[in-house]
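Participant: for reference, the sequence and a predicted model appear below.
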Protein chains: 2
Amino acid sequence: MPELRQDPASREWIVFSTERAKRPDQFRTVTVREPRPAYSESCPFCGGNESQTPPEKFAFRADSKPNGPGWVVRVVPNKFAALVPRGDLTRRHESGFFRKADGVGHHEVIIETPRHDLDLATMEADQIEHVILAYRQRYNQLKKDPRVEAVIIFRNHGKGAGTSLIHAHSQLIATPVVPNLIRERFEAASNYYDDTGRCLHAEILEKELEVGSRVVDENDAFAAFHPFASHQPFETWIMPKAVRASFGSIRDDECRHFASILRRALYRLHEGLDDPDFNYVIHTASVRDENQPYYGWHLQIVPRIMTPAGFEIGSGMTINTSLPEQTAAYIREIEVPEAIAVQ
Amino acid sequence: MPELRQDPASREWIVFSTERAKRPDQFRTVTVREPRPAYSESCPFCGGNESQTPPEKFAFRADSKPNGPGWVVRVVPNKFAALVPRGDLTRRHESGFFRKADGVGHHEVIIETPRHDLDLATMEADQIEHVILAYRQRYNQLKKDPRVEAVIIFRNHGKGAGTSLIHAHSQLIATPVVPNLIRERFEAASNYYDDTGRCLHAEILEKELEVGSRVVDENDAFAAFHPFASHQPFETWIMPKAVRASFGSIRDDECRHFASILRRALYRLHEGLDDPDFNYVIHTASVRDENQPYYGWHLQIVPRIMTPAGFEIGSGMTINTSLPEQTAAYIREIEVPEAIAVQ
């Protein structure tokens, strides 16, 4: 019997379709990824090729000079920026009806390593911690721009997840409007707060830990689980135990724990599904709402296993062929080495 | 300069990214589609293979018997149904918090032709009219089931659009909850009605016809345009001039005009983009709202040209690389033959 489950964070209904069910190990990708050299001459993100990108906005580097080699993590404007930091945000109208404005904002690339052959799933936790520290630095910097309403930090891994450059990188887009999905999730959370006096995301975390069967990992500061109403097989949420609305408020010690649990989650997807295409995104309150008690920031990993089709476009509902209890059980079995040997 | 545009029907903001702009003809697909025979022994949707599907729910046929050959359009339950017409809709709770119910509903396949080698873009308008009449019959039949809250009619064309069977078919899912996207669109429309006293969709149609530069086709009963805030390059909306909330209310003469404009729209995408993957969906009010004056049903064609990635997942906003004025100008130039020779 198929089952309907409601995502408490978005109020979306997900259809768990048992007629189409697969075993967790049947989701292994068939994508063959080419082995990559440590350095590629034509890659703008490789160490040594800094002149191929626009001048950097930020970097972690020891003694080296900006826009030269010697960095650990480097942040540059996206060369093909979707939004740009100039223009007029006044709404204009076409025929007194259609609403538009200039595409004002920021679009940056966080280059996660100078090395062409590494990826988050196979990096040292220390390197990932620097990536997260760079996210935090850029978040807190860009939110100071009065034109910015929201900062979306995300990562596209693999062609099926919308990436064009193979070198490990994340992106960040700062928008001059509150995106509708952020508004909707915030509204669900504030309604919940009004009804119950509790933070919706704190409740989700508490209940997932209580049920337990979907939890895949936990450390002092974070938990990882396959959510009750997952949109995709193996969808994973990582939530801090100290629930706060804004990712920008993440503490130093939390960054270390976040890096550790994120590395383990990505390593297990990499091993368990043979390096699948995936996206991840940090859900965080919009800039003006970042001190509200309603919301809890978290990271959502979405493997690109099933293709959303006409039903999803027309309804906003999703058909998922695997229960999160089953995918979580499969993932928990995968052992993660303490440190990964970098060749 | 990139531009932000708001979709008046969903209130979503779309980023038109000029930095990544392509010329319309650069969107031609590189997919090579195998030529198909008129009949395939292993295809459950081919005329003559009726025993390979569950018993039919409806068919247009001359004198022939149900579940035998001789039909024009045939409707069968989906063998791998996402929702099934049995079970209990009472909401249950896990840990007193997570909400679920049985997956009750209907999931049907509308087989658009007994022939394996035809597709909507290359069919006769008369055949497409029968497909639409079948949509209407099923819509009006299924809405009588008191458990049904909404009926979503959609079509997936090509692997990138989520289809697994190549034989021309559409699908229909009747849901026992109002899908959140339908609620949101209805709310946008009812707010607009409260503010202005007018139907939002009637206004959209009127303004698109007034502006004109995005209109690609028009007949006595319908208009087709690339909407002001299109999500994808070449996204096309087809709207009836007699605006009514429910697709189920489409009149016989409208079905003929709808078939004609739909055939022309799909033919032009097929020619102009070399048979791209696409989805289409009929947006219509939920069953309990189908007599409200706020809403106007319409068909949305979404070519699968760009891959939604982390930014889209995190924000609900979309980055589009082409302005609809440009794609519409390209599409309008494509001549459509009056009748297509069926071999």
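Facilitator: Everything's here; your move. If you're wondering where the values come from, they're calculated on a predicted model, not measured in any experiment.
Participant: tell me, how many residues neighbour A:Arg23?
Facilitator: Using other C-beta atoms under 10 Å in any protein chain shown, A:Arg23 has 9 neighbouring residues. For every residue, glycine as well, the C-beta is placed using N, CA and C.
Participant: so where's the stretch 1-150 of chain A uncertain?
Facilitator: Under the criterion of pLDDT under 70, the regions of the stretch 1-150 of chain A flagged as low confidence span A:30-31.
Participant: show me where it has its helices.
Facilitator: If you assign secondary structure with DSSP state H, counting those that start in this stretch, the helices in the stretch 1-150 of chain A sit at A:125-142.
Participant: around chain B, pick out the residues from it.
Facilitator: By the rule C-beta under 8 Å from any C-beta of the partner chain, the part of the stretch 1-150 of chain A lying against chain B is A:1-6, A:8, A:10-13, A:15-20, A:80-84, A:86-87, A:94-95, A:97-104, A:150.
Participant: are any of these buried, and if so which?
Facilitator: Burial by neighbour count, 16 or more other C-beta atoms under 10 Å in any protein chain shown: within the residues of the stretch 1-150 of chain A next to chain B this picks out A:2-6, A:8, A:10-13, A:15-20, A:81-84, A:87, A:98-104, A:150.
Participant: in strands only, show me these.
Facilitator: A:3-6, A:13, A:15-16, A:98-102, A:150 (DSSP state E).
Participant: farthest pair within the residues you listed?
Facilitator: Comparing all pairs in these by C-beta to C-beta, the longest separation belongs to A:Glu3 and A:Asp102, at 45.7 Å.
Participant: so the residue most central in space within chain A, which state does it fall into?
Facilitator: Of all residues in chain A, the one closest to the mean position by C-alpha atoms, centre = their mean is A:Val281, 2.1 Å from it. With DSSP: H, G, I helix; E, B strand; the rest coil as the basis, the three-state label of A:Val281 is strand.
Participant: pretty sure A:Glu108 sits against A:Phe154.
Facilitator: No. The pair A:Glu108 / A:Phe154 is not scored as a contact, 11.4 Å apart, by C-beta atoms under 8 Å.
Participant: anything in contact with each of the two?
Facilitator: Taking C-beta atoms under 8 Å, 6 or more residues apart in numbering or on different chains as the contact criterion, the common neighbours of A:Glu108 and A:Phe154 are A:171-172.
Participant: ok, A:Tyr294 touching A:Ala189?
Facilitator: Yes. If you go by C-beta under 8 Å, A:Tyr294 and A:Ala189 touch, sitting 4.3 Å apart.
Participant: need the residues touching each of those two.
Facilitator: Here A:Tyr294 and A:Ala189 share the contacting residues A:199-200, scored by C-beta under 8 Å, 6+ apart.
Participant: neighbour count for these two, which is higher?
Facilitator: Neighbour totals were compared for A:Tyr294 and A:Ala189, and A:Ala189 leads with 25 against 22 (other C-beta under 10 Å).
Participant: surely the more buried one is within a strand?
Facilitator: No. Assigned with three-state DSSP, A:Ala189 falls outside any strand and is helix.
Participant: for it, give me its contacts.
Facilitator: Taking C-beta under 8 Å, 6+ apart as the criterion, A:Ala189 is in contact with A:9, A:199-201, A:294-295.
Participant: 10 Å - rerun?
Facilitator: A:8-9, A:199-201, A:203-204, A:245, A:285, A:289, A:292-296 (C-beta atoms under 10 Å, 6 or more residues apart in numbering or on different chains).
Participant: and of the residues you listed, the nearest to A:Asp275?
Facilitator: Proximity of the contacts of A:Ala189 to A:Asp275 was ranked by C-beta to C-beta; the top entry is A:Ala9 with 27.8 Å.
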